[in-house]
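# Quick check, what structure comes out for this input:
(one chain, ligands or ions: 1)
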Amino acid sequence: MSIKLEAVRGMRDLLPGQTAQWGSVERIMRNVAAQYGYAELRTPIVEKTALFERSIGEQTDIVEKEMYSFSTHGGDSLTLRPECTASVVRAGIQHGLFRAGGQRLWYCGPMFRHERPQKGRYRQFQQFGVEAFGWPGPDVDAEILQLAARIWSRLGIVGLELQINTLGSESTRTQFRAALVDYLESRKDALDEDSKRRLQRNPLRVLDSKNPAMQSIIAKAPRILDYLDIAAAAHFSELRARLDTAGINYTVNPLLVRGLDYYTSTVFEWITDQLGAQNAVCAGGRYDQLASELGGGQVPAAGFAIGLDRVMELIPSQQRKALTQVTDAYLVWLGEAARIQAPRLTEILRDAGLAVISHCGAGGLKAQMKKADRSGARYALILGDEELEQELVTVKPLRQDGQQQHLTWSQAATLLQSHRLPVLK
Ligand code: HAM
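The predicted structure is shown next:
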């Protein structure tokens, strides 16, 4: 039987026009992270399965049904990472990074979850994330939210809503869980199958149900904010004050609980109404116990991950243009001498920082000009015998009105440089 050799369902190729935009977006995120003092950490795409089971939680959707796990020939159980926070903590412990004091880290790369593919949801998707280790207070929670807000503004993304909540301290969660279980048990007959299952295994997740039939029950459920102890309440109110000072709008969503078990106090999501059901573009919070649960001692931590596949959908088309790679010129040569000499000119222009495509293969003026136009280059440079003799080149604008001009090579470089479109950095 012949197998159709296409990309695996839920995983996609990014083609040249797309990769240019993705590359620019990733560069902007990296640059913003650097502005806040965050440094890159790269971890392997594969980790031991136990890492994710112990950090994300055995009774979460991710671990129960979404991981790509496999056994090696040596008998180890490995998993394609479904997220990167666990890997970053593992690496931090392994290399003693946390002993050196505070660490501000970022990562960017593919994650894998075996979910049902739909708009904005893929089985291989890309995250850009930041993780800050060593600071227990709300200052760093606010810092990462400011960092995310700056990314949105650099990308021209508007209309996102920031929702925040707190899961309080360990004792908050214990008391709240007990109250919630009592409440849900008293309405057990009205719960859907999914919520009954969650009630047994992970009761806070019932609050996350999207089933409309569950909403009236959820609306009357106990609120975690009523169970906060003094320290947790103070942490949350200072975070809110800091966001107010920074001019970051938010709403408090007491039902926000997140689908991963490692969160401790602050949790948040940036959501959009433009992507249908997959409305979260960035999510995170504090996870002060994760390092110690993985054997690395007490290391307070906070972070988030942005879903790039979703972010790309939200960038306004105007802004997209500025993210596209720009070719400054396409060099057209006429005659054998110009064909031989063309690389001399194109290398001079590239030395000047310009992007120049050199015509390869055969072709007369008309055919080459057609290629120049299709390449998207802003100018055609024409090099023929006449131009060569005088070390000149003909410069013809392709995207805007204007006369063609005969310029020296250095004049041509200056002209092209002065007409470069601003590219987002
Ligand atoms: P998460 O909420 O599982 O959190 O994922 C973060 C973001 O990744 C989501 O808001 C979404 O934009 C994107 N995402 C998740 N699954 C998919 C998918 N199947 N297709 C496309 N995009 C997706 C985490 O992963 C945590 N590690 C975040 C974090 C970092 N918490 C603390 N530090």
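
# Residue 270 contacts residue 284, doesn't it?
No - taking contacts as CB atoms under 8 Å, residue 270 lies outside contact range of residue 284: 9.4 Å. No exception for glycine: its C-beta is placed from N, CA and C like everyone else's.

# who in the stretch 151-300 of the chain is up against the ligand?
280-285, 287 (CB under 6 Å from any ligand atom).

# did I read that right, residue 357 in a strand?
Yes - according to DSSP: H, G, I helix; E, B strand; the rest coil, residue 357 belongs to a strand.

# can you count the residues close to it?
Neighbourhood size, residue 357 [other CB atoms under 10 Å]: 16.

# partners of it in the sheet?
residue 330 (DSSP bridges).

# what sits against it?
327, 329-331, 375, 377 (CB atoms under 8 Å, 6 or more residues apart in numbering).

# May I ask which of the residues of the stretch 151-300 of the chain next to the ligand has the most neighbours?
residue 287 (28 neighbours).

# which ones are touching it?
Counting by CB under 8 Å, 6+ apart, residue 287 has contacts 85, 262-264, 301-303.

# list the helices and strands the helix or strand where residue 237 lies packs on?
Residue 237 belongs to helix 230-246 when elements are defined using DSSP states H and E. Helices and strands touching helix 230-246, by 3 or more CB pairs under 8 Å, 6 or more residues apart in numbering; DSSP states H and E, are helix 138-155, strand 161-166, strand 266-271.

# got the contact list for it?
With CB under 8 Å, 6+ apart as the test, helix 230-246 has contacts from 137-139, 141-142, 145-146, 149, 162, 164, 166, 168-169, 172, 225, 228, 250, 252, 265-266.

# Just the buried ones from those residues, in PyMOL syntax?
Here is the PyMOL command that selects the buried residues among those (16 or more other CB atoms under 10 Å):
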select buried, resi 138+141+142+145+146+149+162+164+166+168+169+172+225+228+250+265+266
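
# just checking, what's the longest helix in this protein?
Counting residues, the longest helix found in the chain (DSSP state H) is helix 16-35.

# Show me the shaky parts of this structure.
1, 421-425 (pLDDT under 70).

# The closest residue to the ligand within the chain bridge partners, please.
Nearest residue of the chain to the ligand, counting by CB to the nearest ligand atom: residue 307, 2.2 Å away. With DSSP bridges applied, residue 307 shows beta-bridge pairing to residue 127.

# Now for it: which residues touch it?
120, 125-127, 280-282.

# and the two most separated of these?
Farthest pair in the contacts of residue 307 (CB to CB) is 126 and 280. Separation: 14.6 Å.

# just to revisit the earlier point, Throw the contacts of residue 307 into TSV and include distance to residue 56, thanks.
Formatted as TSV, the contacts of residue 307 follow (distance: CB to CB, whole Å):
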residue	distance to residue 56
120	21
125	16
126	19
127	14
280	16
281	20
282	18
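
# Among those residues, which are located in strands?
Counting by DSSP state E, those place 125-127, 280-282 in strands.

# hmm, back to that, of all the residues of the stretch 151-300 of the chain next to the ligand, which comes closest to residue 322?
Of these, the one sitting nearest to residue 322 (CB to CB) turns out to be residue 281, at 20.0 Å.

# so what's the closest one closest to, chain neighbours aside?
Excluding its sequence neighbours, the residue lying closest to residue 281 (CB to CB, 6 or more residues apart in numbering) is residue 310, at 4.7 Å.

# Sticking with that neighbour, tell me its helix or strand.
For residue 310, the element it lies in under DSSP H and E is helix 308-314.

# which residues are in contact with that helix?
With CB under 8 Å, 6+ apart, helix 308-314 has contacts from 18, 21-22, 25-26, 108, 120, 122, 125-128, 155, 157, 160, 272, 274-275, 278, 280-281.

# Send me that helix as PDB with only the CA atoms.
The C-alpha trace of helix 308-314 is given here as PDB (Å, rounded to 0.1, in the frame of the first residue of the first chain):
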ATOM      1  CA  LEU A 308       3.100  32.200  17.900                       C
ATOM      2  CA  ASP A 309       0.700  30.500  15.600                       C
ATOM      3  CA  ARG A 310      -2.100  32.500  17.100                       C
ATOM      4  CA  VAL A 311      -0.200  35.700  17.300                       C
ATOM      5  CA  MET A 312       0.600  35.600  13.600                       C
ATOM      6  CA  GLU A 313      -3.100  35.600  12.900                       C
ATOM      7  CA  LEU A 314      -3.500  38.900  14.800                       C
END
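
# related to what we said a few turns ago, nearest to residue 183, out of the ones in strands among the contacts of residue 307: which one, please.
Nearest to residue 183 among these, with distances taken as CB to CB, is residue 280, at 26.2 Å.

# Now do the closest one against residue 417, distance only.
42 Å (CB to CB, to the nearest Å).

# Then residue 135?
44 Å.

# between those two, who's got more neighbours?
Neighbours were counted for residue 135 and for residue 417 using other CB under 10 Å; residue 135 has more, 19 against 13.

# would residue 395 count as being in a strand?
Yes - with three-state DSSP as the criterion, residue 395 is part of a strand.

# Okay, helices next: where are they in the stretch 1-150 of the chain?
16-35, 49-56, 61, 85-94, 138-155 (DSSP state H, counting those that start in this stretch).

# again but with the stretch 251-400 of the chain, I slipped
290-293, 308-314, 317-323, 336-351, 365-374, 385-389.

# The helix or strand containing residue 413 to helix 336-351, inter-axis angle?
Using DSSP H and E, residue 413 maps to helix 409-418. Orientation check (axes from the mean of the first three to the mean of the last three CA atoms, to 10 degrees): helix 409-418 against helix 336-351 gives 50 degrees.

# pull the CA atoms of helix 409-418 into PDB?
The C-alpha trace of helix 409-418 is given here as PDB (Å, rounded to 0.1, in the frame of the first residue of the first chain):
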ATOM      1  CA  TRP A 409      28.000  52.000  -8.400                       C
ATOM      2  CA  SER A 410      28.600  53.900  -5.100                       C
ATOM      3  CA  GLN A 411      25.800  56.400  -6.000                       C
ATOM      4  CA  ALA A 412      23.500  53.400  -6.700                       C
ATOM      5  CA  ALA A 413      24.400  52.000  -3.300                       C
ATOM      6  CA  THR A 414      23.600  55.300  -1.600                       C
ATOM      7  CA  LEU A 415      20.300  55.700  -3.400                       C
ATOM      8  CA  LEU A 416      19.200  52.200  -2.500                       C
ATOM      9  CA  GLN A 417      20.100  52.700   1.100                       C
ATOM     10  CA  SER A 418      18.200  55.900   1.400                       C
END
